[in-house]
Each structure stands twice: as structure tokens, then as C-alpha cells.
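one predicted model, sequence on top.
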Amino acid sequence: MSSQDKKTDSDPRHEEDQSSTASEDNKQVICLGNNEVKSRAVVKYSAAPPSSSYALLQEKTDLKLPPANWLRENTQLGTAGTTVLGSSRKSKPFSSFGMAYDFIDCIGDDVDVVSDSENIKKLLKIPYSKSHVSMAVHRVGSTLLLDELDIQELFMRSSQTGDWTWLKEFYQRLIDQKWQRKKKSKEHWNEKAILSKFLYYSINSDGTAVPVPSDTEQAAEEGCGTAAEGSSWPATFNSSTAESEESAIPKEDLRNDFVRNILWTFEDIHMLVGSNMPIFGGGRYPAVSLRLRDNNKPINVLTGIDYWLDNLMCNVPELVMCFHVNGIVQKYEMIKTEDIPDLENSTFSTRVVKDIAQNILSFLKSNCTKEGHTYWLFKASGSDIVKLYDLTTLCEEAAEEKCQNPFTLPVAVLLYKVASNMILKKSQNRKNYGTIRTLLLNCIKLLDEERHPQIIASAHYMLAELFQLDDVSEDEGNGESLRGGGSEDSYSDEEEEEEEEEEDESCSYSTSSELQDDSKAVAIIRSVGELSVPEKYKSTHQIRPNCAFPVSQDKEEKCRLVLSYVLKGLKAVDSSIKKESDLPAADPSTPIPLKYEERSQNGARDVEQDIALLLDRVGPCNEELKVPTRSGMLPGTWQHRMKLQLFLKASKAYYVLSDAATNLLKYGRALRYIKLALQCHDAYCSINGGLHPQVLLFHCQCLSLCGDVQLMLAQNASNRAAYLEEYNYQTKDDQEILHCLHRESSCQAFSMATDLASDPEYQLIVSSKCYEAAHDLLTSGVLKDLGQEQLGQVLKRLGNIRNEMGVFYMNQAAAMQVEKQGVRRSVCMAEQELWKKSFSCFEKGMQDFNAISDSVNTALLLCNIGRLMRICAQAHCVTTSEHSRGEFSPEEALYYNKAIDYYQRALKSLGCRESHSAVWDSVNWELSTTYFTLATLLQDYAPLSRKAQEQIEREVTETMMKSLRFCDLQTESARQPLYQYRAATIHHRLASMYHSCYRNQVGDESDRKQHRALAEQHYSKAVRLFISLSDAPCELLRTLLERVAFAEFTMAGQNSSAVKLKTLTGALEIMCETRHAFKLIHKELLEQQEKMSTPEDSDKPEELHSDSSPSSELNTEEVVKLIGVFEPSFSFLLLQLIKLSTASKRKVSTLFHINSVSVILVFIHILNQFLVLHFNLSFSKFVVF
């Protein structure tokens, strides 16, 4: 049965019950000899049928006569049934690799040793045997692979092929100066033949000897010699590129053709062993092993250990021994496995065997430390010294070109398979990533890129895959666990040269530095007797973890490692493609220009066509290209599949780099990286007939990020020089990856989307087109059901970019108005075009936000449209020939009303303030401002040519009250002082309007009374609000003076002295309230004087005075004007007070007012001195007064 037919751990037969071949407790067998050892055997795979009982041969049966079924294939004997060698057949040099390939899950950590059971027995019998031992040892993780290394057969092949000459010379010089192949005696082959015939007799139903034709027997005899002396060594691996890594290895040499594979735990040693021992059962004895012994030869220790270990490995509790004399059967004897160590003439200690096993394992693990190296464990015949050589190092030192290690490729493939298996495990802990990386790096070191490019390319791809770039927000807490994630039983080649000397000194056993006779040995056991000493070779060598997985939290460093592996993988693939492309050979040292170009307005129109190229590539996922690619690569080959994976991995790495650069505000670098990501994707598309949905989803992310970067570049145009320098920089790896991409594609499909332009409008258009392309992909049939979450993000980005474009056009329109300010003009076509573009962008953005039910952003766009309407209204302002402002026009009113409508829709979209308080407050403020502006323009530039005064006053009142309704005076916020100031201003304006109506109206007395009451009411509210503000003293003073003037006008129309005195008293009380305004004015004048007198202020940069702008400072000219109004009004009131007091008997009240007036006069005198001293201003009339 071939290795492909064998069942893995997932097969139901993977662990057999063994109820028919073992005792009830088949997992734990305690064998009692003169000591106690623990043994546990689990059958991982068995090709043998259920055990059947053996045939008990009659006494005097002649075993020299072959049975009729001899050498015929028999399921009871398994594959051993077709050879005369029986269970002692010669093992192949790669038998451990065959098992490792079949049970790859066990390799690396779970198993200590993988080997043929014959090799295990040979090792454990070293202290008892004088025969030679020659084994090849390989390390994979913490697992050792042991194979017989027939040095004599190898040298016979070397004489024919010329390979391994260096090893032959080394062997002759240091070990056996006159070596010759020792041929087996005829007696040896006779014994083997008798054993084979005995086994066939034992499975024969009648147990009788049936003669066979002499030619058959003669052929069998010849077969004995052929089987024994025929070459089992494979040819040196020099195959070229194969279609798969396994096909590069001769499968017949790596096939796992053992009858059963057993996971054997001997004490604390876990071994995967292959065994061909026939097992019989049935009746009283459910599982027994069958042995043939010459009655004239006693059982020795070697034979006893051999029998005992075979039964332990196969979990067989009893042994049936058949004795013969010269091939004639004499008798049978049943022996329990636990009694074998106590047999006469073959007594041995099971504890000693256990110590030997532990010492040999410690010796090998402490010295066979380099993964990928072939070690040679050698003990010469009759010698007590065991030596360990590193054949890989010796091979590298050889000067001959033809020297090659035949184990190199199987070891490399095994390293690759173990790493691949660990990666594919869904429950794989990331702590093992260091072990995987070690396995792959050692695999790459072993292979020649020209001969095995596929394995090398695949290994580099898996190295890149260790970095999970999909999880860009990696937890920093994983750092510690990953840093300790190196292989516990191997260390890197980078470290080994520096640590060799220290490593040798750390061992407790003799090394080459202590023995002068062999400086080439890695380590030496001076006497095999030492292996029997408990823990004699328990190594103090601390095996250092190597190639710990790099867990740098720096994303750029991580992605750079990924890209270095991708580049090496691409180079390996390109080297294997025989047909070169028609492109001229590229020089990796020459940078490929990123083709920076200035883009005009017309160039932006081509963006849609360039982005649309991607949509043409979207097709059925199973569609494959039928023609060779640009480089000559055939679709469906391993090169094609590998390039697809490498291109995609590179694209993801560049995407992560671009995203990280965007977060660092390095937008030039971000654009360069996303350009490379899209170029990788373009190359991917050029060699792939159809795109997988997940690939399309990733490409949508790339397009979205490209749109983000272009938007940021448009918003930060002032730093363009720095961004351009970042954009044009290229690393050597980037250049070489670009050259690899150009072997398959021109990589120009997304050039316009990733160019660094100087025009912000072009960048905004490109950003919008990138989002639109991503949206079109996500709404296509392929991704309609898969990209819903990403679709929401793209729609949000699309709405945002359209808002940005709308704002951009709106600001351009506003700038055109500023340029024409003060010039008589009409609305030009350019302005109207900008309004249309802006409005169209805002409308599309609202559609995008409505699609994802984003009411907040919808409200913001409605607010922006409201602002656009106000700009349109301002553009329709009528200017007279004297360059003065004309009447409020109907067009202005139309656009202001449209603005109000959009602001109200924005509030309706939000619903309530709790949905988003900041946006609600902003929209509320804009709506109040629009009402206030409309009312102010109606009041200041009344359209009297079209409307009556009363209608205008009514509209002003209504509009002002609406503005007042949206002034939020209760909520504490940053805008609360602004709301208070606006509310005070509204009341002041309304009071002034009613004041004017009261003065000018003639006729209906009831209307005059109403206007008087309303004026008084609004003046009172305005004063109260202005007093609550600390930064509006001029407005407060002006309101108070108007209120005094209103009282004076009222008093002039009164006839009664008492009524006049009452009105005059009220006016004086209002005058007393001006003290607060004058105090605020005095305070601000002092603060300004302190700033002017501080010398340090003049040395400060200009921007530090930004808070002290003229608008926020006290206007001294305004103060002087108001005081100019204050003087005559105050003089008039005092004069009227004196006149009325003279004629009146109310002295106390008059005295009170005189005292109040004197206080005001003292304060005014102080203020007058301050103005004279600092501003050369004075109140001349007061001085006279």
C-alpha cells in the first residue's frame, strides 16, 4: 500500500482498538522484569488484517521444504510476505521520512523520535553488541528522524557515480583505512529462508509441507541474494523544477510501507515507529508474536532484548517460540513478554535499557541541534566509541562540485511540510510562529533556488503569511507571548557560529575538543558502557530558542519584512519560468519613475475611464486564462498560482503601509504606498481570468484609502513640497518588486488615480472617482450580498467627499464676491456655474447619507446648502451708481427664504437636540442668524418702492421674533454669550423701530400708546441682556441713551408738571444706570493702556495678538461719539430737574436725585481726566459745568 493510501489521524482506523491483538488495557502495559518500566503503544495505522491464529506445526516438520504458498502475497504477513527476509527485512534509508510525511501532525513537538523499529532496537543494544552502528540523524523541531546509513553500500554507489567521494576519503582516513564490503555467509541466508518458510507454514491451514517446483525454489534462493545485496540507496537528487514539491522526490524511496505505524511511549520518550512484525491471535491467546529458534543455540541477551522490544512496541503480551534442529521442528514454548528479561542466558535489566534509551536521546538532542543538517551516528564494529559527525558541514568543506547530500531534499521538504501543517491548523497558537519561521528559514537554506524554486517560493510566501496583515490593530499585549515563541529545540544559523564554542563546553560528555584523534566529530561517547549509567548523558546544554518571531509593533517594519519575503518568492518564481518575456532586462538598481505629472482640468475627465478598467476585469471566479501571460507563464501552473498569492500579499502589505502613513499624516508617503498596492493589484488582475469576491472586497478598501489620501492632500495643499519628496522616494525592495510586476503588467491602470497633482480640485475629483469605483464594485452582482458593511463606509466617504467638493465650489463663489466687493456688478455666469456645481455635490452627498440613514451628516449638508443660498442672496445685492447699498431686492429675499427652508429641514432631520447636540446647536445658530440678517436688511434697506412702511415693519417684527425664538438663552454652551448679545440686539432694534414709529406716527392714539409700550418693553429687555454681558459697554450705553431720548420725547408731549417730573425722574434713573457702562469702558481702557505700555508685547510674534483684534477691542471713537450724545442729554435733564424742583415742594426727592447726579459727575470727571491724559480727549462742557 502506498503512502497515499494510508489513513491519517482523521481516519476512523487511525487508532485501532487492538482488542483482538492485545489485552483489555492496550494503552498501558507494565512489564515486570528485575525492574519496572512503563510502556504504552497506540497503533496509528495498520495495513494488516485482524489477527488470526497461527498453525501449530507437527513435530518433525521439515522447514527446509517450502510450503505451497511460499513467497505469495499474504495479508496476514503484510508486505513482508513477498520477501524471504520476513520481519527482519532491510529498511530503506528514508523510511523515517515516509512516516513523517504520513503523520505530519506528530512532527515537531509531539514525538521525540521517528524511526524503523529495527533502528530503535539497534540503538538500545549498543552497550551489549560489538556490531557496527551507522545511522543518519535529522532534526525537525524537537523531533529526531533516525535512518540506517549503509556506508558500505553508499561507497559502492560512489565508485560508480563519483558522488560522496569526499565522505569515502574521510571514512578511509579517520575510521577504516581498508574498508571492504562484508558479504553475508551462506548459513545466514539459509537461516533467513527457513524463517520465511516457517512463517508461511504457520499461516497454512493444514500445516503440511507441500513441495514446489525446483525452479521456484532456485528463484527464491536467488531472490534472497538479490533482495539483500541489491541497492536500496536512491539516486542523488538533481532533478530540476517540478510541478510540486513531492514530485521532486523519488516516491518509491520515501514511501511508508510498514505494516503498522505505532506511537510508542517508552517511559517519558515518545516515538513513532514502523514495524513489520507478524502478529497472530485467536483462541486463548489474543495476540502473540511467533519466533523460530535453533535448539542448539541458546538465546543470548541481544536476542532477548530484540524479542522484548518488539513485543513492547507492538503491544503484544506473549511470545510463542518454535525450536528446531537443522530445520526439523522440535517443540513450542509460550513466554510472557514480562518474563523475557529473565530468560536463562539472556537476563537483562529493563531499567538499564530505559537508561540507555534516555542517555542516547539526550546525547542526540544535545548535539544534533541544527535543523536541516544531516548527522551521522557511527560506531565501528568491535569498538566501544560512538561518534557523531555533521555531514552537512563536512560536505560544505569539500572542494568537489559534485558533492551533494542525498538527504537534503527530503529534509527540506519535511521542514516545509511541518511548517505548512502548523500554519494550516485552525487552532494554531501564535506562540508557535517562531518555530514555523525557523523551519521555513532552514528549509530555504538547504535548497538550491535553480533546482527547487517552487519550494523556495512557497516557503517565502508562508513566511510572509506569518504576518497577519488583515489584523492591522494588533494587541500589544501579545508581544510577550510571541517574543518567547521561538522553537524550543533549535537555534538559528545566525547564532550557531558564535555559540559553537560555548555550546561544546556546556555538555557533560566528552567532545571533540577533548579527543585529539578525531577533530571532525561533533561529539563522542568514549565508552558504550557509560550509556548504562542512569542520567550519565543528561545534558546540561540549554537549547536556546531561535528565530523568535519578530513582534515589532511598528507596522512599517512588519510590512517591510513581508515585502522582503514576497520579493524573494517572486524572484524564485521568475527564475523558473523558461520563456523570458519580450521586455528588455531591467536593471534593479535603476528606479522606476512614478510619473508625476501636472493635471489640468480636462485631465480629470479621464479618471472615470481609467478607474472603469477594473470593472472590465470582474468576471466569473472560475474563469481561467487560456494563453500564456506576458512573461510566458502558463495559466494553471504552480508559478501562476504562486504569483497570484505573492502579488496579493504584496498589495496587502502596501495597503497597510499606506494606512499607517495616513495615520501619521505622511500623505505623500501614503499615496506612494497605495500606488504600489494598486500596481500589485493591476498585475494580479492581468494574470487572473476572474477575481474572487474577497479580492474584490480588498480592492474596494484600496480604492477607498486612495480616495482618503487624495482628499487629505487636497486639504493640506500648503505642504505639497514635503509630500512630493515623500512621494518620489523609493526603497530598493520597492524598485525590485516593481520590476517583477512589470514582467506581467504595465501597471498603469490606476496611474491617474494615484498621481500627485497640484490642483486641489483635481485631487477632490480623483478622490470622488475612487469612492465611486469602490461603490460600483460593492453594488455589482458579485459583491451585492458580501460587502454590505463596507458599502456603508464607502457611502459615508462618498457623501463626505461630495460635501467637500460642494464646500470647495461654494468658497470659490464666495471669493469671487469678495473680489467684486464695492464694484457695481451683476451676477456673472462663472458664479452661477459654481453655484450649480456646489448645489449638485451637496444634493448627491445627501442621497449618499440618506442611503445609510445618517441624519446627522444629512443635516450638515442641508446646513451647507443653506449657507450656499445665503451666498447667492448676497450676490444679488443691488448697488446704486454711487456705490451704495440699494433697497433689499426680491432675489435676496427669495434666496434667504430658501436658506431658511434648508435650515429648517436640517433641524427636522436631526429631530431633537439629543441626537447630536453640537450639530443641532450649529444649525440652530445658522437659522437664527439667517432670520436676523433678513430682518436687519429689511429694516436698514427697506424696499419702500415696493411695500408700505407698515408692511415692512410687520415683516421685520415677525422675522426678528423668529430669530429671537431660535436664540437659546437657557442652555449653557460656548454660544450662550453670542445668543445673549443677539437677543439684546434684536430687542434694541425692535425698540428703536417702535421708538421711531412713536415719534413719526400721527393720528390713532391707541397705536401710539401700543408703540410706546412696545418700545419701553424692548428697551428694558435689551438693557437687562446687555448688562449681563461684560464685553458690550458701548451697546449698553447707546441703548440707555436712546431710552433717555425716548423719555425726553415723551416728556415734551406732557402738560402736567407732576407727570413731567415723574418722567424726568425715570430718565435720571436711567442715567444712573450708565455708571455700569462707564465702569466697563474705564476697565477696558485701562487694560488697553496696560497692553500698550508693556514692552514685551511689542516683541511678541504677530500671531500672539490674534485674540486682541480690533473687533474685540474697545472702539474709542465710538466711546467719544456716545459721550458726545451723553453730554447735552445729561445737561438738559439736570436743567429740567432744577426748574421743576424750584417750582415743586418735594425737596427730599430732589435732594436724592441731586446726590445721584453728583456721584455720576464725580465718575465722569475721573473718566474725563483719563481721556485727557491718554487720548487727548475731554468733556469740555462738563468742565464748564
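Received it, and whenever you're ready, just let me know what you need.

ok, how many other residues are close to residue 342?
Residue 342: 15 surrounding residues under other Cβ atoms under 10 Å. (Glycine included, C-beta is placed from N, CA and C.)

no, scratch that, I was asking about residue 1116
Per other Cβ under 10 Å, the neighbour tally for residue 1116 reads 16.

now do the helices in the stretch 101-250 of the chain.
Applying DSSP state H, counting those that start in this stretch to the stretch 101-250 of the chain gives helices spanning 117-124, 151-161, 165-174, 186-203, 214-229.

measure residue 910 to residue 648 for me?
Residue 910 is 43 Å from residue 648, where distance means Cβ to Cβ, to the nearest Å.

just to revisit the earlier point, and the helices of the stretch 101-250 of the chain, which one is worst for confidence?
When these are compared by mean pLDDT, helix 214-229 comes last with a mean of 40.

low-scoring stretches of the stretch 301-450 of the chain, by residue?
397-404, 426-431 (pLDDT under 70).

mind doing that once more with 80?
Confidence mapping of the stretch 301-450 of the chain against pLDDT under 80 gives the ranges 394-408, 424-433.

helix, strand or coil for residue 67?
Three-state assignment for residue 67 (DSSP: H, G, I helix; E, B strand; the rest coil): coil.

give the burial count for it, as a bare number.
Neighbour count for residue 67, taken as other Cβ under 10 Å: 26.

tell me the phi and psi of it?
When read as degrees, to the nearest 10, the backbone of residue 67 gives phi -70, psi 170.

ok, residue 374 next?
For residue 374, the backbone dihedrals (degrees, to the nearest 10) come out as phi -100, psi 120.

how many other residues sit next to it?
Residues near residue 374, counting by other Cβ under 10 Å: 26.

residues touching it, list them.
Contacts of residue 374 were listed using Cβ atoms under 8 Å, 6 or more residues apart in numbering, and they are 136, 137, 138, 390, 391, 392, 405, 407, 408, 411.

what's the longest helix in this structure?
Taking DSSP state H as the criterion, the chain has its longest helix at helix 1057-1093.

average pLDDT for that one?
80.

what comes up buried for that helix?
Buried residues in helix 1057-1093, counted by 16 or more other Cβ atoms under 10 Å: 1060-1061, 1063-1068, 1070-1071, 1073-1074, 1076-1078, 1080-1082, 1084-1085.

same check, this time on stretch 964-981
Neighbour counts over stretch 964-981 (16+ other Cβ under 10 Å) mark 964, 966, 967, 968, 975, 979, 980, 981 as buried.

ok, those residues vs residue 724, which is closest?
residue 975 (41.0 Å; Cβ to Cβ).

show the pLDDT at the closest one.
Residue-level pLDDT assigned to residue 975 equals 86.

surely residue 534 meets residue 355?
Yes. Counting by Cβ atoms under 8 Å, residue 534 does reach residue 355; the two are 4.8 Å apart.

which one of the two has more residues nearby?
Counted by other Cβ under 10 Å, residue 534 and residue 355 do not tie: residue 355 has more neighbours, with 21 against 12.

other SSEs contacting the helix or strand harbouring that one?
Residue 355 is located in helix 350-367, with elements delineated by DSSP states H and E. With contacts taken as 3 or more Cβ pairs under 8 Å, 6 or more residues apart in numbering; DSSP states H and E, helix 350-367 sits against strand 36-46, helix 117-124, strand 143-148, strand 269-275, helix 301-314, strand 375-379, strand 386-390, strand 521-525.

how about a markdown table for these, with distance to residue 805 and mean neighbour count added?
Shown next, in a markdown table, are the helices and strands packed on helix 350-367 (distance: least, Cβ to Cβ, whole Å; neighbours: other Cβ atoms under 10 Å):
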| stretch | distance to residue 805 | mean neighbour count |
| --- | --- | --- |
| strand 36-46 | 67 | 20 |
| helix 117-124 | 76 | 22 |
| strand 143-148 | 63 | 24 |
| strand 269-275 | 67 | 23 |
| helix 301-314 | 78 | 22 |
| strand 375-379 | 70 | 23 |
| strand 386-390 | 69 | 22 |
| strand 521-525 | 72 | 22 |
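
in TSV: these, plus distance to residue 65.
Listed next are those as TSV, based on distance: least, Cβ to Cβ, whole Å:
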stretch	distance to residue 65
strand 36-46	32
helix 117-124	29
strand 143-148	33
strand 269-275	29
helix 301-314	26
strand 375-379	40
strand 386-390	44
strand 521-525	47
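
mind checking which of those is nearest residue 697?
Residue 697 lies closest to strand 143-148 among the helices and strands packed on helix 350-367, at 40.0 Å (Cβ to Cβ).

could you list the low-pLDDT ranges of the stretch 51-200 of the chain?
Counting by pLDDT under 80, the stretch 51-200 of the chain has low-confidence residues at 51-52, 69, 71-94, 108-109, 151-188.

for residue 1035, which residues are in contact?
Residue 1035 is in contact with 981, 984, 985, 988, 1026, counting by Cβ under 8 Å, 6+ apart.

how does it look with 10 Å?
Residues in contact with residue 1035, defined by Cβ atoms under 10 Å, 6 or more residues apart in numbering, are 981, 984, 985, 988, 1022, 1023, 1025, 1026, 1029, 1077, 1118, 1122.

from residue 866, how far out is the residue lying closest to residue 875 once chain neighbours are set aside?
Residue nearest to residue 875 in three dimensions, not counting chain neighbours: residue 827, with 5.2 Å by Cβ to Cβ, 6 or more residues apart in numbering. As judged by Cβ to Cβ, residue 827 and residue 866 stand 19 Å apart.

look at the two and report which has more neighbours.
The neighbour comparison of residue 827 against residue 866 (other Cβ under 10 Å) goes to residue 866, with 26 against 15.
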